[in-house]
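In: 3D, please:
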Amino acid sequence: MLFNIDYISYIGYFAQLCFSLRIIVQWITSEHKHKVVSPTLFWVFSLIGSAVMFIYGMLRSDFSIILGQFISYYVYIGNLNLKNIWKTIPFFLRILLLILPVAAVSITISNMDNFINKYFISSEIPLWLIILGCIGQVIFTCRFVYQWLYSYHHHESILSPTFWWISVTGSLIIIIYAIIKFDDVLIIGQMFGIISYIRNLMIGKNTKKADNEKKTA
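Out: Residues are numbered from 1 along each chain as shown. Alright, predicted model coming up:
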């Protein structure tokens, strides 16, 4: 094995650090502006964390992580494009970022028999637990699919209340999955994140209440 468990964990912790930094930046900015906002750094840290987390999932032979990161990865790029940041990245780096997940998945499934055996049959993770993890990751990832469609419709990057509700639901399932699987990387990342999701719902509710009071004043 190219990496031992300690090095794989470090990769996972770095990815979670990026995800935590995006939450901190978004949270502090929202608290400062007294409304839920979508800062550029949120998407920058998301893209970096997703790329690293994708590698972590492959090294862990965890298909649920790979599935979740593959879907959300391009949503992060889409939001950077909405913020007119994507085009400022050097062309070569943009191409590399675009093909990285596709290339990794292509290599992984190039031998389908080996792929099924590695990730499902011979995996140390029971099939029912893989399915639970995939459900959590799909729900968690759907928040970004919803966010992208919502933002595209409004022509700006927006984090709506529904985004945070989906985040809480997916996060709870992933926490259950991680506890059963004893994956401290996922547990730490999700426990920190769910606090921010709930707080953003509270900020959004207060903002809506303040707006309604202004309208009726």
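In: for the helix or strand that contains residue 185, packing partners?
Out: Assigned by DSSP states H and E, residue 185 belongs to helix 184-216. Contacts defined by 3 or more C-beta pairs under 8 Å, 6 or more residues apart in numbering; DSSP states H and E place helix 184-216 against helix 5-33, helix 161-181. C-beta coordinates here come from the backbone N, C-alpha and C atoms, glycine included.
In: Would you reformat these as JSON lines and include mean pLDDT and mean neighbour count?
Out: Shown next, in JSON lines, are the helices and strands packed on helix 184-216 (pLDDT from 0 to 100; neighbours: other C-beta atoms under 10 Å):
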{"stretch": "helix 5-33", "mean pLDDT": "87", "mean neighbour count": "17"}
{"stretch": "helix 161-181", "mean pLDDT": "90", "mean neighbour count": "19"}
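In: Ok, which of those comes nearest residue 139?
Out: For the helices and strands packed on helix 184-216, proximity to residue 139 was assessed by C-beta to C-beta; helix 161-181 is nearest, at 3.8 Å.
In: Give the other helices and strands that that closest one contacts.
Out: Checking 3+ C-beta pairs under 8 Å, 6+ apart, helix 161-181 ends up next to helix 127-154, helix 184-216.
In: Distance to residue 70 added to those helices, as CSV?
Out: Formatted as CSV, the helices and strands packed on helix 161-181 follow (distance: least, C-beta to C-beta, whole Å):
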stretch, distance to residue 70
helix 127-154, 9
helix 184-216, 17
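In: of all those, which gets the most neighbours per residue?
Out: Each of the helices and strands packed on helix 161-181 was scored by mean neighbour count; the highest is helix 127-154, a mean of 18, by mean count of other C-beta atoms under 10 Å.
In: elements contacting it?
Out: helix 63-82, helix 161-181.
In: how about those in a markdown table, adding distance to residue 18?
Out: Formatted as a markdown table, the helices and strands packed on helix 127-154 follow (distance: least, C-beta to C-beta, whole Å):
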| stretch | distance to residue 18 |
| --- | --- |
| helix 63-82 | 11 |
| helix 161-181 | 17 |
